[in-house]
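In: one predicted model, sequence on top.
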Amino acid sequence: MDITKPIRISNHAQIQCNERGVSINEVEESILNGSIEPAKKNRFQSKLNFQYNDYWFGTFYHIKQVSPVFVEEENEIVVITVYSFYF
């Protein structure tokens, strides 16, 4: 895995970021600094926890975990979708 390649966020992943309260910077940081593991269909998934200390849909959470699913292509990393978990 070459994480020095440019990171491109797909349209679907951008929509998921908006719906799940995740910034593009958090997605990129998760890929660059998070733990990366294999996922289905020759993809990868990373996970990184961020201090949140805020409300999400009326519930207070201390941590937000950002977990993008991506594929490494020849010249770039393409983010397919993005998950977020609050706890």
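Out: Ah, there it is. Residues are numbered from 1 along each chain as shown.

In: against residue 76, how distant is the most far-flung residue of the chain relative to its centre?
Out: In the chain, residue 58 marks the outermost C-alpha relative to the chain mean, sitting 22.7 Å out by C-alpha atoms, centre = their mean. With distances taken as C-beta to C-beta, to the nearest Å, residue 58 is found 38 Å from residue 76. Any C-beta I mention is one placed from the backbone N, CA and C, and that applies to glycine too.

In: quick one: the strands in this protein, in order.
Out: Counting by DSSP state E, the chain has these strands, from start to end: 7-9, 35-39, 43-56, 59-72, 77-86.

In: and residue 32, how far from residue 20?
Out: Between residue 32 and residue 20 the distance, using C-beta to C-beta, works out to 19 Å.

In: these two: which has the busier surroundings?
Out: Per other C-beta atoms under 10 Å, whichever of residue 32 and residue 20 has more neighbours is residue 20, with 17 against 14.
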